[in-house]
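would you be able to build a 3D model of this:
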Amino acid sequence: MLRSVPAARHRWLPWNGLARGSSRTPHCHAAAAAVSSWHVHDSSSPCASSWSWASQVGDRIQLRPFSAAPAIVGDGIEDVDDRRVKQMRRRRDARIAQKAFMEYLHVTRGICFSDAEHMSKRSPIFISKLLEKVKDAAKEPTEEGEEVPFRSKVKKREMRDERVSKALVRLFNFHPINEFEPFFESIGIAPGEYEPLLPRDLMFLNDDETMLDNFRVLCNYGIARTKIGRIYRDATEVFSFGHGVLASKLKALEDQGLSKTSVIKLVMSSPVILVRDPNVELKILRWLDDVGIQRDWLGRFLSVKKSYNWGKMVQVPQFFSDLGFTNEGIGKLVRQNPDFLFSGSGKMLFSAVLVMLKAGFGKKELVDLFLNFPNLSVDNFTRNLRRGIFFLAEIGVSEEDIKKFVVSNGSILGSVQLKKPNSIMTHLSVGKKRLCRMVMEDPQLLMKFSLGAKVSRIPKVDLHEASFKEKVKFLQNLGFMEGSERMTRGLKAFRGKGDELKDRYDFLVKTGLDPEHVVQMITMAPHVLNQKIHVLESKISFLVNDMGYPLSTLVFFPSFLSFTVERTKLRFLMYNWLLEKGVIATGLALSTLLATADKHFVKRYVVRHPMGLEVWEKFKTEVASTKNNTPCTPDD
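Purely as a prediction, here's the structure:
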């Protein structure tokens, strides 16, 4: 029966021939030689339907049935294909080697099948070493320098597999291997770690029956074979136990009130528990009894990826007991925050407590903190707390204020993982001083500055208006009535930023002046707060240390702080000289001495002595030279 034309065309269509540049379609190749492109537009051509979506690069044709983009051909694809072929060969060689190694262990060496299979499949580094030794067998045989042709690729692979397998068998027969190497690798010990553990006088596993027996006891108990390496590394003596000893120790741990699952986790995290007395090592279990927690509760939080110091862990409930918590309270705390016990065996808890104590926490503050501990791990709390302290220091908070902030808002600092200060300032469009002021006034803002939270730009503020409001607020705090003459006079006299006034006021108080006297000084001479702190400090030091006046002098004559140190020094040098000459009376008021203009001071006092003008000029030159030789600070 004749087939339909479409079916015959599909049967004829050279799908594989096109992709490989096959010569099975000679009539189409002949047609292609007569045209300049493989894209045939003549629908009447018998090859039009097949060539209209093909492209040619050199002598190679690549079909593109699902894309109109040019096909990627050439060295790129060939390199990728070569890598894939090599990768497939390596995997195939690895499987052949695993099979040959398993048969050697099981059949030749007499190791049980499950152990032999596990060792062959879980020791890739050792398998790669074996293949490296027989790599010549994997090469294709040659005749007279040329590769032997094979008609079948399948036959070629089978021949190669057979050569590799036979080479491995010869290697095993004539070059015995150290079976402890793949054994240690299969139980999870890296080659760099197991080299010191290799027996010096043994090569075959069956020669150490005691080790194999204890290994199988652990396997039969339910411990994963790949995890037993940790036990061997941390407690090697376990594998030297006599018959029945290891099983009895596992049973003794269950008798402590632990389930089999908990015992497995306990042994995996703390292998030394198998070589020590559990009654002595696990004192924490008796604490759990005292605080009303079942012993097997701890198995829910043990991790085989961590290790625990059970001796230090006992210090945690003892610490809570010293703080004044009852057994019931300790049990409630531990249930709510198991990390208190299990995070570093209590190390992270005490690390957080140490930070709190350095900040000034007392017993009451610690109790409040633990009663209202945030819902996060103690590791994260401690980490956030430290980062929060660094954050405060970076935005300009003083050490003393940081301690006060931690005492008042330690729970907030530990609850949030803050962004970097530069990131926050960029998003808010503020500087360090303003960010510092915002945080100190409203600590809850820190919750909005956490990683992942969106920080919105705050509205721009008129700096002059903001500074004016700060000045008003500062004077109101000192007792100035809004709208009063004192308030108006002070606002006119103050220059600079409003937030600087309080710092200068605080400095005057710290020098020893009574706050009420400082307010009196500001009322009499508001302009004294226009000077920077280091300038005020130098003038007060000169008054007290060099001139010998008491600090209380400033209360009656605050304008002294308005005069420069050079002016004050010149007047007093001249005054003391005139006193020595006996032409001026003692007890001259400080205000009279300084407030008088130079012209009147010379006319009224200097000229009283014939050499007065000469000495006056001499002193002026000395004071001026002293000023010029004094290095200026950036704030001068």
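
what segments of the stretch 201-350 of the chain are helices?
209-221, 228-234, 245-255, 260-269, 278-281, 284-290, 310-313, 315-323, 327-336, 339-342, 347-359 (DSSP state H, counting those that start in this stretch).

no wait, the stretch 501-636 of the chain
515-524, 533-541, 553-556, 565-581, 590-595, 598-604, 612-629.

report pLDDT for the closest residue to residue 385 other than its chain neighbours.
Of all residues not flanking residue 385 in the chain, residue 414 sits nearest, at 4.3 Å (C-beta to C-beta, 6 or more residues apart in numbering). Placement of C-beta: from N, CA and C, glycine included. Note on residue 414: pLDDT of 90.

can you tell me the closest non-neighbouring residue to residue 253?
residue 263 (4.6 Å).

wait, isn't the one you found in contact with residue 252?
No - Residue 263 is not in contact with residue 252 according to C-beta atoms under 8 Å; the separation is 9.6 Å.

and the two? Which one has more around it.
More neighbours surround residue 263 than the other of residue 263 and residue 252, with 23 against 14 (other C-beta atoms under 10 Å).

so the more buried one versus residue 302, what's the distance?
When distance is defined by C-beta to C-beta, to the nearest Å, residue 263 is 10 Å away from residue 302.

could you pull out the strands for the stretch 51-200 of the chain?
Using DSSP state E, counting those that start in this stretch, the strands of the stretch 51-200 of the chain run over 54-57, 60-63, 142-143, 146-147.

residue 539: how many residues sit nearby?
19.

centre of the chain to stretch 394-403, how far?
22 Å (C-alpha atoms, centre = their mean, to the nearest Å).

mind checking the end-to-end distance for that stretch?
Across stretch 394-403, the terminal residues are separated by 14 Å (C-alpha to C-alpha, to the nearest Å).

can you start the count at 571 instead of 1 from here on
Shifting the count to begin at 571 puts that one at stretch 964-973.

for it, give the mean pLDDT please.
Across stretch 964-973, the average pLDDT comes to 90.

tell me which residues of that stretch come out buried.
965, 967, 972-973 (16 or more other C-beta atoms under 10 Å).

farthest-apart pair in those residues, please.
Using C-beta to C-beta, these reach their maximum pairwise distance at 965 and 973, which is 15.6 Å.

how near is residue 735 to residue 688?
21 Å.

comparing these two, which shows the higher neighbour count?
Just comparing residue 735 and residue 688: by other C-beta under 10 Å the higher neighbour count belongs to residue 688, 21 against 18.

contacts for stretch 1114-1123, please.
1081-1083, 1087, 1110, 1113, 1130, 1138-1139, 1142, 1160 (C-beta atoms under 8 Å, 6 or more residues apart in numbering).

okay, the residue nearest the centre of the chain: pLDDT?
Closest residue to the average C-alpha location of the chain: residue 953 at 8.9 Å, with C-alpha atoms, centre = their mean. We have a pLDDT of 91 for residue 953.

ditto for residue 775
The model's pLDDT for residue 775 equals 92.

domain parsing for the chain?
651-709+726-847, 879-1019, 1045-1197 (the TED database).

could I get these as CSV with distance to residue 853?
What follows is the domains of the chain, written out as CSV (distance: least, C-beta to C-beta, whole Å):
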stretch, distance to residue 853
domain 651-709+726-847, 11
domain 879-1019, 5
domain 1045-1197, 53
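
hang on, the earlier thing: ok, the contacts of stretch 1114-1123 vs residue 1018, which is closest?
Using C-beta to C-beta, the contacts of stretch 1114-1123 come closest to residue 1018 at residue 1081, 39.3 Å.

residues contacting that closest one?
With contact set as C-beta under 8 Å, 6+ apart, residue 1081 has these partners: 1110, 1121.

10 Å instead?
Counting by C-beta atoms under 10 Å, 6 or more residues apart in numbering, residue 1081 touches 1088, 1106-1107, 1110-1111, 1114, 1121, 1124.

also residue 981?
938-939, 942-944, 951, 955.

turn the residues you listed into TSV, columns for distance to residue 1175, secondary structure and neighbour count.
TSV is the format used below for these (distance: C-beta to C-beta, whole Å; DSSP: H, G, I helix; E, B strand; the rest coil; neighbours: other C-beta atoms under 10 Å):
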residue	distance to residue 1175	secondary structure	neighbour count
938	68	helix	14
939	68	helix	19
942	71	coil	8
943	74	coil	19
944	72	coil	16
951	71	helix	25
955	65	helix	22
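
now, which of the residues you listed sits nearest residue 758?
For those, the nearest to residue 758 is residue 951 (32.9 Å; C-beta to C-beta).

quick one: low-confidence parts of the chain?
Low-confidence segments of the chain (pLDDT under 70): 571-648, 708, 710-721, 1028-1037, 1053, 1065-1069, 1197-1206.

at 50 instead, please
Residues of the chain meeting the criterion pLDDT under 50: 571-639, 641-643, 714-715, 1033, 1200-1206.

longest helix in it, please.
helix 645-673 (DSSP state H).

mind listing what's buried in stretch 658-671?
663-664, 666-668, 670-671.

same thing with stretch 874-884?
For stretch 874-884, by 16+ other C-beta under 10 Å, it's 878, 880, 883-884.

list the contacts of stretch 937-948.
889-890, 893-895, 899, 902-903, 906-914, 916-923, 926, 931-932, 950-951, 953-954, 977, 980-982, 984-987.

mind running it again at 8 Å?
With contact meaning C-beta under 8 Å, 6+ apart, stretch 937-948 is reached by 890, 893-895, 903, 906-907, 909-910, 913, 918-919, 922, 926, 931, 951, 980-981, 984-985.

quick one: contacts for the closest residue to residue 822 other than its chain neighbours?
Leaving aside its sequence neighbours, residue 822 sits nearest to residue 848 (C-beta to C-beta, 6+ apart; 5.9 Å). By C-beta under 8 Å, 6+ apart, the contact set of residue 848 is 822-823, 826.

could you single out the nearest of those residues to residue 728?
Residue 728 lies nearest to residue 823 out of the contacts of residue 848, by C-beta to C-beta, at 52.9 Å.

just to revisit the earlier point, make TSV out of the buried residues of stretch 658-671 and add distance to residue 1073.
What follows is the buried residues of stretch 658-671, written out as TSV (distance: C-beta to C-beta, whole Å):
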residue	distance to residue 1073
663	77
664	74
666	81
667	78
668	76
670	83
671	79
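
farthest-separated two in those?
Once C-beta to C-beta is applied, the buried residues of stretch 658-671 give 663 and 671 as the farthest pair, at 12.1 Å.

between the contacts of stretch 1114-1123, which sits nearest residue 1173?
Distance to residue 1173 across these (C-beta to C-beta) is lowest for residue 1142, with 18.7 Å.

give me the neighbour count for the nearest residue to the closest one once chain neighbours are set aside.
Sequence neighbours aside, residue 1117 is the residue nearest to residue 1142 in space, at 6.2 Å (criterion: C-beta to C-beta, 6+ apart). A total of 13 residues lie near residue 1117 under the criterion other C-beta under 10 Å.

and residue 1117, how far from residue 1130?
10 Å.

and for the two, which residues touch both?
With C-beta under 8 Å, 6+ apart, residue 1117 and residue 1130 have common neighbours residue 1138.

coming back round to it: buried deepest among the helices of the stretch 771-920 of the chain, which one?
Mean neighbour count, computed with mean count of other C-beta atoms under 10 Å, is highest for helix 909-912 among these, reaching a mean of 22.

who does that helix touch, helix- and strand-wise?
Applying 3 or more C-beta pairs under 8 Å, 6 or more residues apart in numbering; DSSP states H and E, one finds that helix 909-912 contacts helix 897-906, helix 917-929, helix 948-964.

relative to residue 1022, which of the ones you listed is closest?
helix 948-964 (13.5 Å).

can you point out the buried residues in the closest one?
For helix 948-964, a neighbour-count test (16+ other C-beta under 10 Å) marks 948-955, 957-959, 961-962 as buried.

closest to residue 744 among those residues?
Among those, and counting by C-beta to C-beta, the member closest to residue 744 is residue 949, at 55.6 Å.

right, and that closest one touches residue 919 too?
No - counting by C-beta under 8 Å, residue 949 stays clear of residue 919, with 9.7 Å between them.
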